[in-house]
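Asker: sequence and computational prediction follow.
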Amino acid sequence: MRYRMLRQIVLRQAVLGLFLIFASSLLAQQLSVPPKIDFDSVPNFFKLPPDLYFGEVPGVAVNSKGHIFVLSRGNTTGPAYGAAAAQLLEFAPDGRFVREIGHNLYAWSYAHAVKIDREDNIWVADKGSDMVIEFNPDGRVVMVFGRKQEASDEKTGPLPHPKPPLPPVDGMFRQVTDMAWDSAGNTYISDGYINSRVAKVDKSGNWIKSWGEPGDQPGQFSTPHSIAVDAEDHIYVADRGNRRIQVFDTEGKFLRQITIDVAFDPNARPAIGNKPQLPITGAQTFAPGAPWAICITPPPNQVLYASDSYPGRIYKLTLEGKVLGVIGESGKQLNQFGWIHEIACPSQNELYVAEILNWRVQKLNLRPGR
């Protein structure tokens, strides 16, 4: 009797496993299959000095002269928990090292994103210090937003995550993630992991407003992780935990949302960790199509690039959200990716991708006609 019961249990588990495999395969087949875009990764593009290294690379940006700015979690000091991990490096268009910007800057704590505005000013979001810093093209600090915790305060430490969350404070951030600009010079800051909102400041640095709160409804966010603005001044927010890109006008009015729903290899490997059990419930950070990074190319013919952590691809989309093609897969070699955290797209066929797990930036040359 006992043997028979065990055999029935094993049979049930086997049938359930086959059903899940079949269901996942059927779901992948029902989704559209986007074309793969051929591309090359330039080997050994960045020429670092002998005594300088990249750590995790969460940010990359390109200015109007083709100079590349890499924000790295290098230059680490302190223990594993609470270490200061941020350095901003500039490279010439051919990959030659130019300089370090902001060495030992007070805001450096835990690097998150770097962007270049229309006037070639350099902006950095530091998640650890809850600050956004603007440098001029010469590398001098112009404006600072937010405020770092005081080292002497007895309550200084990890930010609390109470539920319901603490109300946000104008001018302050809680684990800030990214920034972008409209044609009038207003800055939009994704105030990401805790406040779950978008802040708007004018070109003089004055706080104008913010919108958003934790949630999954239109205008709500679950980790607004990356932000971009198109030529029509529409604001695109990578709402990573909700597996979508939300689009707003400059006043924060919800316009539409984009989801990336295309077929993928059900046997795809994650860049790290166990293969996710699909479908993922709850937070969608590691779900296929969940946008970690977004980038919009310059006009006149703008397209949107987005990346996910699993299956670890880059997606090329129209601004309306149609997927035009996919690029790459998870892995450690050239042409593979390990958690793309930021994308710079100076043109449709030239991308720079910053990877956390592989401690690098890859320069990609796309060949979509092949």
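Answerer: Here it is on my side, so go on. Numbering: from 1, shown residues only.

Asker: could you chop the protein up by domain?
Answerer: The chain breaks down into these domains under automatic domain parsing: 1-30, 34-149+163-367.

Asker: lowest-confidence stretch among these?
Answerer: Per-segment mean pLDDT for those reaches its minimum on domain 1-30, at a mean of 47.

Asker: re earlier: deepest-packed of the domains of the chain, please.
Answerer: domain 34-149+163-367 (a mean of 19; mean count of other CB atoms under 10 Å). The way it works is simple: take the backbone N, C-alpha and C, and place the C-beta from them, glycine included.

Asker: pull the distance from it to the chain's centre.
Answerer: 4 Å (CA atoms, centre = their mean, to the nearest Å).

Asker: end-to-end on that domain?
Answerer: Start-to-end span of domain 34-149+163-367 (CA to CA, to the nearest Å) is 15 Å.

Asker: got it, and stretch 183-202?
Answerer: Start-to-end, stretch 183-202 (CA to CA) is 11 Å.

Asker: mind putting the domains of the chain into a markdown table with distance to Thr156?
Answerer: Formatted as a markdown table, the domains of the chain follow (distance: least, CB to CB, whole Å):
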| stretch | distance to Thr156 |
| --- | --- |
| domain 1-30 | 46 |
| domain 34-149+163-367 | 5 |
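
Asker: and of these, who's closest to Lys155?
Answerer: domain 34-149+163-367 (8.2 Å; CB to CB).

Asker: tell me which helix or strand the closest residue to Gln149 other than its chain neighbours sits in.
Answerer: Ranked by CB to CB, 6 or more residues apart in numbering and with sequence neighbours excluded, the top spatial neighbour of Gln149 is Thr156, at 4.6 Å. Assigned by DSSP states H and E, Thr156 belongs to no helix or strand.

Asker: I'd say Thr156 and Glu150 touch.
Answerer: Yes. Judged on CB atoms under 8 Å, Thr156 makes contact with Glu150 at a distance of 6.3 Å.

Asker: ok, which stretches of the stretch 151-300 of the chain are helices?
Answerer: Along the stretch 151-300 of the chain, no stretch is classed among the helices by DSSP state H, counting those that start in this stretch.

Asker: can you show me the strands along it?
Answerer: 178-181, 187-191, 197-201, 207-211, 224-229, 235-239, 244-248, 254-258, 293-296 (DSSP state E, counting those that start in this stretch).

Asker: can I get the second one in CSV? Just the C-alpha atoms.
Answerer: Provided in CSV are the C-alpha atoms of strand 187-191 (Å, rounded to 0.1, in the frame of the first residue of the first chain):
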residue,chain,number,x,y,z
THR,A,187,14.8,67.7,-15.4
TYR,A,188,12.8,64.6,-14.7
ILE,A,189,14.2,62.4,-11.9
SER,A,190,13.0,58.9,-11.2
ASP,A,191,12.9,58.6,-7.4
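
Asker: report the inter-axis angle for that strand versus strand 244-248.
Answerer: 140 degrees (axes from the mean of the first three to the mean of the last three CA atoms, to 10 degrees).

Asker: and the angle for strand 187-191 with strand 197-201?
Answerer: Using the same axes, to 10 degrees, strand 187-191 lies at 150 degrees relative to strand 197-201.

Asker: now do the longest one
Answerer: The directions of strand 224-229 and strand 197-201 differ by 40 degrees, with the same axes, to 10 degrees as the criterion.

Asker: and the contacts of strand 224-229?
Answerer: 113, 177-182, 188-192, 196-198, 212, 235-240, 291-296, 304, 342 (CB atoms under 8 Å, 6 or more residues apart in numbering).

Asker: how about stretch 198-213?
Answerer: 143, 145, 168, 170-171, 173, 184-191, 196-197, 219-221, 224, 227, 235, 237, 248, 250-252.

Asker: nearest to Arg96, out of the strands of the stretch 151-300 of the chain?
Answerer: That would be, of those and by CB to CB, strand 293-296, which comes in at 23.7 Å.
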